[in-house]
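Visitor: take this sequence and fold it.
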Amino acid sequence: MTTGYEFFLLLRKANVPRATIVRQWTFQPDEVTKKDLVTARLQYNATTRTAKVTITGLKTDVEDVIEFPL
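Guide: Here you go, the predicted model:
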């Protein structure tokens, strides 16, 4: 059995019934080194209005910074 992963960063605005997908990350099974240890972490900085997303457990870890508003 093989395991791939998908992560989504969503933006939910007040009084709007649906969230908007801001960013999506998709990883195939051959990109995963530690299938039980793949994790994603989100850090939001309200001062700079940026979100930092770190995904680990892959052959190449990912670190993206997303600026708001988009």
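
Visitor: sketch out the low-pLDDT regions of this protein for me.
Guide: By pLDDT under 70, the low-scoring segments of the chain are 1, 35, 70.

Visitor: mind doing that once more with 90?
Guide: For the chain, applying pLDDT under 90 flags the ranges 1-4, 13, 32-37, 68-70.

Visitor: can you pull out the strands in it?
Guide: Here the chain has its strands, by DSSP state E, at 5-11, 20-27, 39-45, 50-56, 62-67.

Visitor: partner strands of the shortest one, with direction?
Guide: Note on strand 62-67: by DSSP bridges, its sheet partners are strand 50-56 (antiparallel).

Visitor: give me the contacts around the strand it pairs with.
Guide: In this structure, residues lying in contact with strand 50-56 by C-beta atoms under 8 Å, 6 or more residues apart in numbering are 7, 9, 22-23, 25, 27, 37-45, 61-68. C-betas here are computed from N, CA, C, even on glycine.

Visitor: just the buried ones out of these, please.
Guide: 7, 9, 27, 38, 66 (16 or more other C-beta atoms under 10 Å).

Visitor: unless I'm mixing things up, the first one is touching Trp25, no?
Guide: Spelled out, it's Phe7. Yes - at 4.6 Å, Phe7 counts as touching Trp25 under the criterion of C-beta atoms under 8 Å.

Visitor: what do those two both touch?
Guide: Common neighbours of Phe7 and Trp25, counting by C-beta under 8 Å, 6+ apart, are 40, 53, 55.

Visitor: show me the contacts for the closest residue to Tyr5 other than its chain neighbours.
Guide: Closest residue to Tyr5 apart from its sequence neighbours, by C-beta to C-beta, 6 or more residues apart in numbering: Phe27 at 4.7 Å. Contact analysis of Phe27 by C-beta under 8 Å, 6+ apart lists 4-6, 38, 55, 58.

Visitor: give me the PyMOL select line for the residues you listed, limited to the buried ones.
Guide: Only the buried entries of these go into this PyMOL selection, using 16+ other C-beta under 10 Å:
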select buried, resi 5+38+55+58
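
Visitor: tally of neighbours for Phe8?
Guide: Using other C-beta atoms under 10 Å, Phe8 has 12 other residues around it.

Visitor: fine by me, thanks again.
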